[in-house]
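> structure for the following, please:
(chains A and B)
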Amino acid sequence: MASEPATQEAAPQETQESSQEKASKKKYFYHMEEPCTDDCARKFLAAFATVLKHSNYKYALDNYSRVSMHCGRCATLCPVYEVTKDPKDIPCYRTNLLVRIYKRYFTLTGHLKTKYMSSNFHLQDKDIDELLESLYRCTACRRCWLECPMGIDHGLMTHMGRYILSEMRIMPRALQVATRSQLEGPIFNTSAIPLPALQDTIEFLEEEAADITGQEIKFPLGQKDKEYVFFAPVSDYMMEAETLMGCAAALKAMGLQDNWTIGDVNYDGINYGLFYSDWIWERVIKNMVAEVRRLNGKKILIGECGHASRSAKVGVPLWGGKNPPPVVNIMELTYEAVKNGKIKLNPDRWPQKVTYHDPCNIARLGWIVDQPRYIIKQFLKNFVEMTPNGRYNYCCGGGGGTVSMDEIYDFRMNIGGMRKVDQMKAAGAEIVITPCANCKKQVNELIQYHKLPMENKGLHDLILEAIIWD
Amino acid sequence: MEQWLAYARGPLFLATFLFMVLALARLVAIHLLAMRNVLNNTENKQLAPSYLVKSVTDWILPLHVLKTRPLFSVTSFIWHIGLILVPLLFVSHVLLWERGLATVIPYVDSITLPGFIKMNKHIADLLTIIVILCTAALFVMRAVSPVSRAISEPVDYILLVLISIPFITGFLAVHPSMNPIPYNATMLLHILSAEAIFVLIPFTKMAHVALFPFGRISSDIYWRFPEGAGHKIAGEMHGEEAKV
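Below is the predicted model:
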């Protein structure tokens, strides 16, 4: 099995952990604050019923339960199944775990079958254990959806299943802690970066950007009446300085230096609600829109981040109130500027062989696929594609919030990310461009773990040093 | 036997056919209402018709997905062609249409449908044989492929067998020389199995004959969540003071 070396390496850690956790009898796939100890099936059904009552999932479930073909095409595109070959990792199998519960407990035929045909399926606690692992083995990349003849959106079902679990307090601790910090404080962002620390970071970024480009590049903070309010994933302020400097430099080069701002109350684009809870999703979106309204901004500008872009693109029209602000990804702006000749890029700055990783959340529907490629072709002469790419890209293996869960590191390295590793090896590039905070962390870890001879950068990292200033 | 055959051909056929049409109409209505509800209770009411149409038509002729599991895809596609065309257009079936329409439309004694839609015996034979072979192939592929086998339920196999019966009996009925069973029995089996399929279509995955477009566009519709639903759910589960 592919996972053997990793389990050996991680063995000492595990024994430490298990001594701590011996009190809680079961070993789960991920850490959680309040694992369900008894009566889980009943609690799950209660949560399921409540979710169905107030949401629109019943309509989707009604359709999926009627048309599901069990054809198995989805398995041909699932990066997890391709590696494990475990039938339990087939997207349709996972969806069916939820659909069969819906059919059995929430439809008339289910009731009739139980009453008159002694249907032998009764939800038990072990089924919940299977679900809670299965739903987080899926990275919600939605690649399988492209291949389903009936259009069943297994990503939607994963989202719903995780939401139901979260309403019975089952969710990965990593996501829960970050979300709590973002919504309940005391500092109100996922990485708990206080405003003074942000100001320090920004000063540092401005100095550094001036050193690199020889230009005065500003990071406006908390300014009113600007067109764009910028939300980067807040972890970028600690980990991805170059990407942020690149974004600011690109904004200056396209003449928007004085027309954008970072919020000084809410400056976090991360929205883990997309991964596991509509409730969280809605609240984060409302906070984001409130910040834009407070600053009297016009548009929401998202940095290099896949899930932040999609959660805002989908969520703002739903929960952003009347006349919701449009959502723009920084790559769309840069693309326009490069196309109009406002940004000129030096084709000699990066002679290395370069490849591009499509983050699932912005590429799967074809939203941001061609724009970055257009930018890349303007200044990176030695560009190779990974196959498949674009809408059919492989997930990096850290999607759906799993990248934040350090306890499944081995899974991410040896199973979830294996297809990406194969792709990156085959492309043979020296630089992998990953314009997404989650993907960056995962791809960095993959490169380290598998000792790949390449480095990982954001698109704007490269733009930062390639802009030709007039 | 003659009486049974007459009964199966006449009232039973009409009843099962009408049942199928009405039940499918009900399903379509349910799905249209569901879409209306979703658009009513969420703030994002925009639909892009061209996108919706494209997501359906892309899979009417799904050439772009032949790369994955090509054998299965091609078999399944050809199978569907025969499955749709023979029951609708085979010349003896067109007679049924003509007779049925004449009884439904008032003041019309007889109806003759244009000749070019009538499929002659040779094409129908060919398509029927293709359907039978494809059904067998799909059955085997389902049983052999580890993926399909893992997610298949008994009904997935049973339906394939059921679907093959009217095609096999139909073929035998028009080729009496090959038929070991009496003609009337063959026809009775042919008609009854077809009627069983009519009745089962709305209740099984065969409902996709009408629901196919709704599944295709589901991904565009159902990611729209109602405003405040999360708050209500959290409140009902954990009280107004619900914590993250």
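
> and the closest residue to residue B:131 other than its chain neighbours, helix, strand or coil?
Using CB to CB, 6 or more residues apart in numbering or on different chains and skipping the chain neighbours, the partner closest in space to residue B:131 is residue B:82 (3.8 Å). Quick note: C-beta positions are derived from backbone N, CA and C, even for glycine. Secondary structure state of residue B:82, per DSSP: H, G, I helix; E, B strand; the rest coil, is helix.

> how much space separates residue B:82 from residue A:438?
Distance of residue B:82 to residue A:438, given as CB to CB, to the nearest Å: 47 Å.

> contacts for stretch B:237-244?
Stretch B:237-244 is contacted from outside by A:46-47, A:50, A:167-168, A:176, A:179-180, A:183-184, A:280, B:234-235, using CB atoms under 8 Å, 6 or more residues apart in numbering or on different chains.

> with neighbour count, distance to residue A:237 and pLDDT as new columns, can those residues be given to me in CSV?
CSV is the format used below for the contacts of stretch B:237-244 (neighbours: other CB atoms under 10 Å in any protein chain shown; distance: CB to CB, whole Å; pLDDT from 0 to 100):
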residue, neighbour count, distance to residue A:237, pLDDT
A:46, 16, 41, 96
A:47, 21, 36, 96
A:50, 19, 37, 96
A:167, 26, 32, 94
A:168, 22, 34, 93
A:176, 23, 22, 94
A:179, 26, 18, 94
A:180, 15, 20, 94
A:183, 19, 19, 94
A:184, 10, 21, 92
A:280, 27, 22, 95
B:234, 24, 30, 95
B:235, 16, 34, 94
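
> can you add distance to residue A:335 and secondary structure and give those residues back as CSV?
Formatted as CSV, the contacts of stretch B:237-244 follow (distance: CB to CB, whole Å; DSSP: H, G, I helix; E, B strand; the rest coil):
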residue, distance to residue A:335, secondary structure
A:46, 48, helix
A:47, 43, helix
A:50, 43, helix
A:167, 40, helix
A:168, 43, coil
A:176, 36, helix
A:179, 32, helix
A:180, 36, helix
A:183, 33, helix
A:184, 37, helix
A:280, 31, helix
B:234, 39, helix
B:235, 43, helix
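
> which among those residues gets closest to residue B:33?
Checking the contacts of stretch B:237-244 against residue B:33 by CB to CB gives residue A:50 as the nearest, at 22.3 Å.

> what count of nearby residues applies to residue 165?
Since you didn't name a chain, this refers to chain A. For residue A:165, the count of nearby residues is 26 (other CB atoms under 10 Å in any protein chain shown).

> wait, chain B was what I had in mind.
For residue B:165, the neighbour count with other CB under 10 Å is 17.

> thinking again about what came up before, which one's more surrounded, residue B:82 and residue A:438?
Set side by side, residue B:82 and residue A:438 show more neighbours around residue A:438, with 28 against 21, by other CB under 10 Å.

> excluding its backbone neighbours, what's nearest the more buried one?
The shortest distance from residue A:438 to any non-neighbouring residue, by CB to CB, 6+ apart, is to residue A:403 (4.8 Å).

> phi, psi for that neighbour please.
phi -70, psi -20 (degrees, to the nearest 10).

> wait, it touches residue A:413, no?
No - in this structure, residue A:403 is not within contact of residue A:413 by CB atoms under 8 Å, at 11.2 Å.

> longest helix in chain B, by residue count?
Of all the elements of type helix in chain B, the one with the most residues (DSSP state H) is helix B:13-41.

> report the secondary structure element holding the nearest residue to residue B:213 once chain neighbours are set aside.
Distance criterion CB to CB, 6+ apart; nearest residue to residue B:213, sequence neighbours excluded, is residue B:56 at 4.7 Å. For residue B:56, the enclosing helix or strand under DSSP states H and E is helix B:49-57.

> what's next to that helix, contact-wise?
Under CB under 8 Å, 6+ apart, the answer for helix B:49-57 is A:151, B:212-213, B:216-217, B:219-220.

> need those residues in a markdown table with pLDDT and neighbour count, can you?
Formatted as a markdown table, these follow (pLDDT from 0 to 100; neighbours: other CB atoms under 10 Å in any protein chain shown):
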| residue | pLDDT | neighbour count |
| --- | --- | --- |
| A:151 | 92 | 23 |
| B:212 | 94 | 16 |
| B:213 | 94 | 19 |
| B:216 | 92 | 25 |
| B:217 | 93 | 20 |
| B:219 | 90 | 21 |
| B:220 | 90 | 16 |
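
> sounds good, over and out.
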